[in-house]
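Enquirer: pasting the structure only:
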């Protein structure tokens, strides 16, 4: 795909997200979601290979089903309440259907099975867009509807944390691991979004930073599976040194930046008299921490077998820009002391 077409698709992604986040009409919000989804399909299938085409087809079918579910719920709510506005109180049954449609959009369990397969069929830069930018529009709608009922999102959130942890344990493909990581992180946001939308927004932003650091690191190393990480020391020694910290921050280990949202979410759930839910979510984090530790081990303690005369020919100079990786990697490590300022910023 040419650079002009790529630029058009990226601008369409921005347009669709802007329409959803600025609209107060369900039909307009649905149109923004459709623009967002349709602009993503050429980016997924930009390589002439059966695997990206299969991933694009799965993504299209899933997003079309989710969009029809959202439109059906909006029409039902308008029929019952006589109002198309997203600010209007949503009826209970349309609220449940709408929550399920948005959950399918962002990949919440048990509607998450499409995401690892789609992620596996695309490049790492496109996977970064799917794991970050494509969450913004459905997340903006979730914030608007959670004032009505929170039980369905709390249930889906806990299922997502468990599914993302268990399913990622036996994976060796990095893109699938990051897909299950995305599912688990979306579960954390869904649990807390009805009690503290500002905290959920701050969690989403921190997830964007830590996930971007992982995608950019693997793209720099040209690694798509855990076995390929053994050669990273020879390609980029400094980035490989910081990589275990990035993985542990993604898993939420203190004192790294990823620990900040999990601590605040557990504190807020405890204040809401939901200690059992907070305990289950905290224990389930150990599952995701396991496969982050596997990646960290492969990066830091595993070397590719080679002989000294044969090591120099494939140590080419890497010409990829590393400034974005440096920015998000630094943010993924040292932002924990700034957690009060970050939470206050999202409250504005």
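Expert: Yep, it's here. From a predicted model like this one, the values you see are computed outputs, not experimental measurements. Numbers count the residues shown, from 1 in each chain.
Enquirer: neighbours around the closest residue to residue 156 other than its chain neighbours, how many?
Expert: Counting by C-beta to C-beta, 6 or more residues apart in numbering, residue 108 is the residue found nearest to residue 156 once chain neighbours are left out, at 4.6 Å. Backbone N, C-alpha and C define where each C-beta goes, glycine included. As a burial measure, residue 108 scores 28 neighbours (other C-beta atoms under 10 Å).
Enquirer: which residues does residue 108 contact?
Expert: By C-beta atoms under 8 Å, 6 or more residues apart in numbering, the contact set of residue 108 is 156-157, 159-160, 183, 186-187, 190.
Enquirer: try it again with 6 Å
Expert: Counting by C-beta atoms under 6 Å, 6 or more residues apart in numbering, residue 108 makes contact with 156, 160, 186.
Enquirer: nearest to residue 118, of those?
Expert: Checking the contacts of residue 108 against residue 118 by C-beta to C-beta gives residue 186 as the nearest, at 14.8 Å.
Enquirer: The closest one sits in which helix or strand?
Expert: Per DSSP states H and E: residue 186 is located in helix 174-192.
Enquirer: mean confidence for the helix or strand where residue 232 lies?
Expert: Element membership of residue 232, judged by DSSP H and E, is helix 232-235. The pLDDT scores in helix 232-235 average 75.
Enquirer: Check which residues of the next helix or strand after it are buried.
Expert: Heading C-terminal from helix 232-235, the first helix or strand you meet, by DSSP H and E, is helix 237-251. The neighbour-count check on helix 237-251 (16 or more other C-beta atoms under 10 Å) flags 239-240, 242-251 as buried.
Enquirer: Pull the residues that contact helix 237-251.
Expert: The contact list for helix 237-251 (C-beta under 6 Å, 6+ apart) reads 210, 213-214, 217, 232-233, 256-258, 288-289, 292, 295-296, 299-300, 329, 332-333.
Enquirer: Now do that helix: distance to the chain's middle.
Expert: From the chain centre to the centre of helix 237-251 is a distance of 18 Å (C-alpha atoms, centre = their mean, to the nearest Å).
Enquirer: relative to helix 174-192, how tilted is that helix?
Expert: Interaxial angle of helix 237-251 relative to helix 174-192 (axes from the mean of the first three to the mean of the last three C-alpha atoms, to 10 degrees): 40 degrees.
Enquirer: In contact with residue 188: list those residues for me.
Expert: Taking C-beta under 6 Å, 6+ apart as the definition, contacts of residue 188 comprise residue 265.
Enquirer: quick one: pLDDT of it?
Expert: 92.
Enquirer: any idea how far it is from residue 182?
Expert: Separation of residue 188 from residue 182 (C-beta to C-beta, to the nearest Å): 11 Å.
Enquirer: Which helix in the protein has the most residues?
Expert: helix 50-81 (DSSP state H).
Enquirer: Show me what that one is packed against.
Expert: For helix 50-81, the elements it packs on are helix 26-44, helix 92-106, helix 114-120, judged by 3 or more C-beta pairs under 6 Å, 6 or more residues apart in numbering; DSSP states H and E.
Enquirer: Please report how far the closest residue to residue 164 other than its chain neighbours lies from residue 200.
Expert: Nearest non-adjacent residue to residue 164, counting by C-beta to C-beta, 6+ apart: residue 184, 2.9 Å away. Look at residue 184 and residue 200: by C-beta to C-beta, they are 15 Å apart.
Enquirer: and stretch 285-295, average pLDDT?
Expert: Per-residue scores along stretch 285-295 average to 88.
Enquirer: Could you give me the buried positions within it?
Expert: Neighbour-count burial for stretch 285-295 flags 285, 287-289, 291-292, 294-295 (criterion: 16+ other C-beta under 10 Å).
Enquirer: Now go through these and say which are in helices.
Expert: Those of these lying in helices (DSSP H): 285, 287-289, 291-292, 294-295.
Enquirer: Redo the contacts of residue 108 as CSV? Include neighbour count.
Expert: Below are these laid out as CSV (neighbours: other C-beta atoms under 10 Å):
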residue, neighbour count
156, 24
160, 30
186, 30
